[in-house]
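> sequence below, structure please.
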Amino acid sequence: MKKKEISKIIVSKNGPYLISGKLPLDKQIVVEDKDNYPTRWKQGEKFPLQEKYALCRCGNSKHKPFCDGTHMKVKFPGTEVASNKPYIKQSSKTIGPDIYLTDAELFCSNAGFCHKAGGTWTLTQSDNSKARATAVQQACNCPSGRLTMWNKKTKKPIEPKFKQSISIIEEPTNNISGPIWVKGNIPIESEEKGTKYEIRNRVTLCRCGKSGNKPFCDGTHVEINFNDGDKDLQ
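Below you'll find the predicted structure:
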């Protein structure tokens, strides 16, 4: 019997993300309310299941989200600069009556779920049960895991339950293509550094090629209006 390959992502040196282990790939669409606040996720296209595939990291592929080798033509400078420190050591803390929020700003992907109703930080500190519930929902909707909510009593994180999978984020209201959303504690290895990043339930990887925190997304795709020409944005 053929041994099942362990699911993982390798960040190749100045090249694409090499995905192995038959990880499902789909698109997740940001849905905004009438006031233009992101509030939920909508299922988008599901790609055929593959044992292995390579996702564009330079932002220039003509076959996005997949790599087509363009990174070699443009001599993509994909040097990884992200720290290998654990998330908790890179984060600040906002304390509320029953919950507390940790925030590692370097990982912000500008998804915007944290802004509604005064913001996740303010809501965390509220003694109103509805406000606290909204704060938890907002933190759990943060794709990058920049924001993580914790149960103050148990000191355990309040996390959405994900199966191991990868999503391409699209923001149709702003006509912007977002990062690669990695879910379910998938190992990410650096070919360049020869090290492994901390395994987390949710992180976002840069696919516009311009992040200042490579390989992770830092929201630069919003600043440069990155658009991969996908039909979901039309």
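> pull the residues that contact stretch 120-138.
Residues outside stretch 120-138 that contact it (C-beta atoms under 8 Å, 6 or more residues apart in numbering): 94-101, 103, 113-114, 116-117, 139, 147, 149, 158. All C-beta spots, glycine's among them, are computed from the backbone N, C-alpha and C.
> now list the buried members of those residues.
Among the contacts of stretch 120-138, those classed as buried by 16 or more other C-beta atoms under 10 Å are 94, 96, 99-101, 103, 113-114, 116, 139, 147, 149, 158.
> need the max-distance pair from those residues.
Spanning the widest gap among the buried ones among the contacts of stretch 120-138 are 100 and 116, at 19.7 Å by C-beta to C-beta.
> what values do phi and psi take at the closest residue in space to residue 15 that isn't next to it in sequence?
Leaving aside its sequence neighbours, residue 15 sits nearest to residue 71 (C-beta to C-beta, 6 or more residues apart in numbering; 5.4 Å). As for residue 71, its main-chain torsions (degrees, to the nearest 10) stand at phi -60, psi -30.
> ok, now which ones touch residue 71?
14-16, 56-58, 60-61, 78.
> how about the lengthiest helix in the chain: buried residues?
Secondary structure of the chain per DSSP state H: the longest helix is helix 129-141. Buried residues in helix 129-141, defined by neighbour count with 16+ other C-beta under 10 Å: 131-132, 134-141.
> and if you look at stretch 59-72?
For stretch 59-72, by 16+ other C-beta under 10 Å, it's 59-61, 64-67, 70-71.
> what is the nearest of those to residue 8?
Out of those, the member with the shortest distance to residue 8 (by C-beta to C-beta) is residue 67, at 16.7 Å.
> quick check: closest non-adjacent residue to the closest one.
Residue 67 sits nearest to residue 16 (C-beta to C-beta, 6+ apart), 3.7 Å away.
> pretty sure the one you found is touching residue 55, no?
Yes: if you go by C-beta atoms under 8 Å, residue 16 and residue 55 touch, sitting 5.7 Å apart.
> more neighbours: which of the two?
Using other C-beta atoms under 10 Å as the criterion, residue 16 and residue 55 rank with residue 16 on top: 25 against 20.
> what about that one, distance to residue 72?
10 Å (C-beta to C-beta, to the nearest Å).
> also residue 214?
Residue 214 is 17 Å from residue 72, where distance means C-beta to C-beta.
> same question for residue 162.
From residue 162 over to residue 72 (counting by C-beta to C-beta), the distance is 33 Å.
> can you confirm residue 31 is in a strand?
Yes: note on residue 31: a strand contains this position according to DSSP: H, G, I helix; E, B strand; the rest coil.
> tell me how many other residues crowd it.
13.
> which residues touch it?
Residue 31 touches 38-42, counting by C-beta under 8 Å, 6+ apart.
> residues bridging contact with residue 16 and residue 55, i.e. touching both?
Common neighbours of residue 16 and residue 55 (C-beta under 8 Å, 6+ apart) are residue 67.
> hmm, who's touching stretch 181-197?
Contacts for stretch 181-197 (C-beta under 8 Å, 6+ apart): 6-14, 23, 28, 78-80, 82, 84, 143, 162-169, 199-205, 215.
> same deal with stretch 210-227?
By C-beta under 8 Å, 6+ apart, stretch 210-227 touches 11, 17, 57, 59, 78-82, 106-110, 144, 174-180, 188, 190, 203-208, 233.
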